[in-house]
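**Student:** What follows is a protein structure lacking sequence information:
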């Protein structure tokens, strides 16, 4: 590829959205923010709490699932412990969404099959890996052998290109985690150079799903399409709005919840001109995680990390209130745009139902 052929890419801070010339929405309370978590699962608010061990455990899952958003129970614990926690979440909130990994998914899913799990979330970074293909082949053929009364939806990822999203659809994914290196404690872009800003990344994902839908119509096949979930890069309510107008069904967030009261881990203190409280927040490919869960073979030459650990101020705020604040920003934007539902808002930048400007 010659330099002049390199594609231009933009992120959320490069994009502004113009209001509609006329809006029939009198109040932001009139809009519908429900959306797809996955092919068959709907949530009331388009925000998903990431399955990070410093973010999403029992207390977070119960609080967030109870209001109609979604928190994914992280997988960094023994199988029996995860089963017990999933049962507690289900009994207290009515819904449970669980992360599994590539190393032990057969045993973990078999153990979790006793519960009414709504979604399994394959927690791995590279959605184009052959190991993800093997997981999907096993899941599509073998789920009945672990005695599910039904087949839970499965979310896989991460994808970044149009081709990788299309591949995930063809493998039977119910939801697709899209975006690489966007999270605040992710170092993948710095360490590998693999990256694409959010707006352009979502364009690729939206084009893939849109193309698949049109192809299905041409073949007279009624398709219930998978969800496209932006993974990371959400720092303020405007980013949520922009993610959806760029094609996302919902967003996966970690950092915005890091200082909340529902996050696991103890509140720590230090003196910096006065007593300050904080919590630890870490990427799941950080050195801390690799060492704590023995994810390395122990050889120094093979130790490679793509995440970092940081300290964040402990605010004591509820994750529920943060979700409400973000969703109110979304509702207000929808009233400016004269759009009353997420289904109409999703991808509206590319269909020119709403107009974007380059900042």
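**Tutor:** That came through fine. The model shown is predicted, which means the values in this text are computed figures rather than measured ones. Residues are numbered from 1 along each chain as shown.
**Student:** Relative to residue 218, how far out is the residue positioned nearest the centre of the chain?
**Tutor:** Centroid-nearest residue in the chain: residue 252, 2.7 Å away (criterion: Cα atoms, centre = their mean). Using Cβ to Cβ, to the nearest Å, residue 252 is found at 32 Å from residue 218. C-beta: built from backbone N, CA, C; applies to glycine.
**Student:** so where does residue 135 fall, helix or strand?
**Tutor:** helix 130-142 (DSSP states H and E).
**Student:** before we move on, back to that, quick check, distance from the helix or strand harbouring the residue nearest to the centre of the chain to the centre of its chain.
**Tutor:** Taking DSSP H and E as the definition, residue 252 sits inside strand 250-253. Put simply, strand 250-253 sits 4 Å off its chain's centre (Cα atoms, centre = their mean, to the nearest Å).
**Student:** Stretch 307-319 too?
**Tutor:** That offset, for stretch 307-319, works out to 18 Å (Cα atoms, centre = their mean).
**Student:** quick one: contacts of it?
**Tutor:** 49, 60, 63-64, 71, 185-188, 255, 257-263, 267-268, 276-289 (Cβ atoms under 8 Å, 6 or more residues apart in numbering).
**Student:** Show me which residues of that stretch are buried.
**Tutor:** 307, 308, 310, 312, 314, 319 (16 or more other Cβ atoms under 10 Å).
**Student:** possible to save those residues as JSON lines with pLDDT?
**Tutor:** Listed next are those as JSON lines, based on pLDDT from 0 to 100:
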{"residue": "307", "pLDDT": "92"}
{"residue": "308", "pLDDT": "94"}
{"residue": "310", "pLDDT": "95"}
{"residue": "312", "pLDDT": "95"}
{"residue": "314", "pLDDT": "96"}
{"residue": "319", "pLDDT": "98"}
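**Student:** Reformat those residues as TSV; add distance to residue 299 and secondary structure.
**Tutor:** Formatted as TSV, those follow (distance: Cβ to Cβ, whole Å; DSSP: H, G, I helix; E, B strand; the rest coil):
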residue	distance to residue 299	secondary structure
307	20	strand
308	22	coil
310	27	strand
312	32	strand
314	37	coil
319	39	helix
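**Student:** now, the most widely separated pair of those residues?
**Tutor:** Spanning the widest gap among the buried residues of stretch 307-319 are 308 and 319, at 22.1 Å by Cβ to Cβ.
**Student:** Give me the contact list for the helix or strand of the chain with the lowest mean pLDDT.
**Tutor:** Lowest on mean pLDDT, DSSP states H and E among the helices and strands of the chain sits helix 287-292, with a mean of 86. Applying Cβ under 8 Å, 6+ apart, the external contacts of helix 287-292 come out as 53, 76, 282, 283, 295, 296, 303, 305, 307, 309.
**Student:** hmm, which two among these are most spread apart?
**Tutor:** 53 and 303 (19.3 Å).
**Student:** With neighbour numbers in mind, choose between these two.
**Tutor:** residue 53 (20 against 13; other Cβ atoms under 10 Å).
**Student:** Could you double-check that that one lies in contact with residue 254?
**Tutor:** No: contact between residue 53 and residue 254 fails when scored by Cβ atoms under 8 Å: they sit 10.5 Å apart.
**Student:** Next up, the contacts around the residue nearest to the centre of the chain.
**Tutor:** 48, 49, 50, 177, 229, 230, 231, 232.
**Student:** Would you check how far apart residue 31 and residue 331 are?
**Tutor:** 5 Å.
**Student:** One more: residue 282?
**Tutor:** 32 Å.
**Student:** Please say which of the two ends up with more neighbours.
**Tutor:** The neighbour comparison of residue 282 against residue 331 (other Cβ under 10 Å) goes to residue 282, with 23 against 20.
**Student:** I'd say that one and residue 74 touch.
**Tutor:** No: Residue 282 lies out of contact with residue 74 (Cβ under 8 Å); the separation is 11.7 Å.
**Student:** just the strands in the stretch 151-300 of the chain please.
**Tutor:** 153-159, 175-178, 227-231, 250-253, 268-271, 275-282 (DSSP state E, counting those that start in this stretch).
**Student:** now these in a markdown table, with distance to residue 243 and mean pLDDT?
**Tutor:** A markdown table is the format used below for the strands of the stretch 151-300 of the chain (distance: least, Cβ to Cβ, whole Å; pLDDT from 0 to 100):
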| stretch | distance to residue 243 | mean pLDDT |
| --- | --- | --- |
| strand 153-159 | 15 | 96 |
| strand 175-178 | 10 | 98 |
| strand 227-231 | 5 | 98 |
| strand 250-253 | 5 | 98 |
| strand 268-271 | 32 | 88 |
| strand 275-282 | 21 | 93 |
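**Student:** can these go into TSV with extra columns for distance to residue 195?
**Tutor:** Formatted as TSV, the strands of the stretch 151-300 of the chain follow (distance: least, Cβ to Cβ, whole Å):
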stretch	distance to residue 195
strand 153-159	12
strand 175-178	13
strand 227-231	13
strand 250-253	17
strand 268-271	32
strand 275-282	20
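**Student:** With residue 356 as the reference, name the closest of those strands.
**Tutor:** Short answer: strand 227-231, nearest of the strands of the stretch 151-300 of the chain by Cβ to Cβ, at 16.2 Å.
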